[in-house]
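Trainee: please find the sequence and the predicted model below.
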Amino acid sequence: MDPGVNQTSRSAIRWALIVVGAILLGGVLVNAVWLHIFYPVSAVPSRAVPSGTAAIRLKWQFSGAGPVRGALALGDDGTVFAASEDGFLYALDPSGKLQWKFNAGPMASTPAIGADGTILVTNRDQRVFAISRGGAQRWAVGGGPYADKQAGSIAAAVDATHLYTFWRGQLRAVRLTDGWFDWPAGYGYENGGSVEILRGGLVVYPGVGRIDAVDSTGRIQWQYPVMNPPLTVDTLTKNGGHVPGGNFWLDSGIAIADDGALYACAVDSRLVALTPDGLFKWEFKTKTHSVNRATPLVALDGTVYFASGDGALYALHPDGTQKWAANFNGGSIAATPMLAEDNTVYVVNGNALVAVSPEGEVLASAPIQGGAESSPTLAPDGTVYIASRDRKILAFAGTHGGLQNSAWPKFQGGPANSGRAPSF
């Protein structure tokens with residue numbers, strides 16, 4: 001063989017190996033960066049569940065439901081309501097027996113329960129249903145060809161007269177008696193947000209890049225951040241007829257404290273506190289960049305808890321300084337935790353239900369296949385209800401009492417998911 005040809009072959013093979021090695025190394029590096037961005041490793045010290053930790057006993061499980069993204073609701077009589085992506089609203093009694101199911105179409109929203117026991121839920125096509133305690137339709141409204149399709153996992157709010165929810169680009173006040181739309185409000189909304197009712201009756205919700213607060217006629221009373229410059233015809237003209245959006249985007253729902261302060265997790269890994277009239281108080285930023293879907297909680301002593309997408313649970317003083325933080329090696333947390341009567345915090349992470357003491361120590365745990373995105377609920381007898389990602393509704397025998405009588409102990413404030421501030 002010609003030595004020159006042989007040398008050329010060896011050189012080609014060597015360069016081929018170098019190129020392949022570079023591609024493989026680059027793939028590893030890119031994959032590592034991708035994992036760091038979308039599944040960040042928590043900077044919080046891990047508190048892995050000890051091997052001798054007490055087990056939280058499973059009471060029963062209900063199979064056959066489709067995926068449930070919205071929070072579970074709990075009626076005064078102990079009935080558990082779950083809005084499923086398979087199109088059914090399921091009603092289960094405290095023993096896990098199916099009472100009825102109502103076909104409303106695929107849902108990702110959170111059911112809310114009115115004072116008379118009526119269950120209110122919105123499907124993905126923004127069709128709003130009012131369903132009686134016995135599972136019969138009272139009325140339906142909304143939907144239609146111009147509704148906002150794929151509206152996301154919204155959570156409406158309800159008071160004595162109206163349901164406040166989204167339809168066709170605006171917040172709407174839906175009359176509870178007959179489903180009539182009384183008024184629209186605002187200039188748009190953020191998909192996946194929650195609506196809340198403040199103590200004075202103002203309704204707050206995530207607008208387009210800001211929080212909007214409207215009165216009982218739908219007029220905006222304050223915004224955070226304030227629209228600057230103020231809205232004018234010239235501003236609309238320059239923006240193609242659209243109201244300019246803000247730069248404050250929420251990741252979570254909104255929690256309300258006894259003093260009226262508002263807490264929510266915003267983009268860039270921040271928990272932000274506002275005054276009742278929409279002024280900035282303080283913010284707390286986690287050390288890792290993550291999307292924090294879980295809504296904050298407010299305890300009786302004013303402690304603010306929130307669970308992060310980096311897998312950590314944080315406890316903050318009312319002034320925003322950190323008490324403690326703990327990561328339980330369970331992956332990202334999307335479901336809002338709950339506060340029990342004895343100050344225990346129930347957290348559902350990527351693989352377990354964990355009962356955590358007010359000091360951040362693990363008290364007990366139970367495995368959850370696939371974890372949960374749906375926020376759980378807590379019965380007066382201490383039973384913990386969870387909808388898991390593997391299409392099961394689970395009931396666990398909690399031993400820390402019912403829901404804490406604090407300002408905001410769970411998602412949407414209470415078992416009915418009314419979204420109303422304390423002492424409303």
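Mentor: That came through fine.

Trainee: what's the end-to-end length of stretch 102-120?
Mentor: Taking C-alpha to C-alpha, to the nearest Å, the first and last residues of stretch 102-120 lie 12 Å apart.

Trainee: ranges for the helices of the chain?
Mentor: 3-38, 233-238 (DSSP state H).

Trainee: what sits against the nearest residue to Ser84 once chain neighbours are set aside?
Mentor: The shortest distance from Ser84 to any residue other than its chain neighbours is 4.2 Å, reached at Gly66 (C-beta to C-beta, 6 or more residues apart in numbering). The C-beta positions use only the backbone N, C-alpha and C, and glycine is treated the same way. Listed by C-beta atoms under 8 Å, 6 or more residues apart in numbering, the contact set of Gly66 reads Ser84, Glu85, Asp86, Gly87, Phe88, Arg391.

Trainee: likewise for Phe102?
Mentor: Neighbour list for Phe102: Phe88, Leu89, Ala91, Phe129, Ile131, Gly135, Gln137 [criterion: C-beta under 8 Å, 6+ apart].

Trainee: could you redo the last one with a cut-off of 10 Å?
Mentor: For Phe102, the contact set (C-beta atoms under 10 Å, 6 or more residues apart in numbering) comprises 81, 83, 87-91, 119, 121, 129, 131-132, 135-137.

Trainee: related to what we said a few turns ago, tell me how far the residue nearest to Ser84 lies from Asp390.
Mentor: Separation of Gly66 from Asp390 (C-beta to C-beta, to the nearest Å): 11 Å.

Trainee: also Leu363?
Mentor: 25 Å.

Trainee: for these two, indicate the residue with more neighbours.
Mentor: Shown here are Leu363 and Asp390; by other C-beta atoms under 10 Å, Leu363 has more neighbours (17 against 13).

Trainee: thought Leu353 was touching that one, still the case?
Mentor: No: between Leu363 and Leu353 there is no contact under C-beta atoms under 10 Å: 11.3 Å.

Trainee: shared neighbours of these two, anything?
Mentor: Both Leu363 and Leu353 are in contact with Ile56, Tyr346, where contact means C-beta under 10 Å, 6+ apart.

Trainee: mean confidence for stretch 98-115?
Mentor: Mean pLDDT, computed over stretch 98-115, is 96.

Trainee: tell me how far it lies from the chain's centre.
Mentor: With C-alpha atoms, centre = their mean, to the nearest Å as the basis, stretch 98-115 stands 17 Å off its chain's centre.

Trainee: now swap in stretch 138-152 and tell me
Mentor: Offset of stretch 138-152 from its chain centre (C-alpha atoms, centre = their mean): 21 Å.

Trainee: ditto for stretch 280-290
Mentor: Counting by C-alpha atoms, centre = their mean, stretch 280-290 is centred 17 Å from the centre of its parent chain.

Trainee: next, the buried residues of it.
Mentor: By 16 or more other C-beta atoms under 10 Å, the buried positions in stretch 280-290 come out as Phe284, Thr286, Thr288, Ser290.

Trainee: pretty sure the first one is in contact with Leu271, am I right?
Mentor: Yes: under the criterion of C-beta under 10 Å, Phe284 makes contact with Leu271 at 4.6 Å.

Trainee: shared neighbours, the two?
Mentor: With C-beta under 10 Å, 6+ apart, Phe284 and Leu271 have common neighbours Tyr263, Cys265, Val304, Phe306, Tyr314, Leu316, Gly320.

Trainee: count of residues packed around the fourth one?
Mentor: When counting by other C-beta under 10 Å, one arrives at 25 neighbours for Phe306.

Trainee: list the contacts for the residue nearest to it when sequence neighbours are not counted?
Mentor: Spatial nearest neighbour of Phe306, chain neighbours left out: Pro296 (4.2 Å); criterion: C-beta to C-beta, 6+ apart. When contacts are counted by C-beta under 10 Å, 6+ apart, Pro296 touches 252-257, 262-265, 271-273, 304-307, 314, 316, 336-337, 408.

Trainee: just the buried members of the residues you listed?
Mentor: When the contacts of Pro296 are checked for burial by 16+ other C-beta under 10 Å, the buried set is 252-257, 262-265, 271-273, 304-307, 314, 316, 336-337, 408.

Trainee: in strands, which of the residues you listed appear?
Mentor: 252-256, 262-265, 271-273, 304-307, 314, 316 (DSSP state E).

Trainee: could you give the number of residues near Ala160?
Mentor: A count of nearby residues for Ala160, using other C-beta under 10 Å, gives 10.

Trainee: which residues sit in contact with it?
Mentor: Counting by C-beta under 10 Å, 6+ apart, Ala160 touches Gly114, Ala115, Asp116, Leu176, Arg420, Phe424.

Trainee: look up how far Asp77 lies from it.
Mentor: According to C-beta to C-beta, Ala160 stands 20 Å off from Asp77.

Trainee: since we're on the residue nearest to Leu198 when sequence neighbours are not counted, how many residues are nearby?
Mentor: With C-beta to C-beta, 6+ apart as the criterion, Leu198 has its nearest non-adjacent residue at 5.2 Å, and that residue is Ala421. Number of residues near Ala421 (other C-beta under 10 Å) recorded here: 25.
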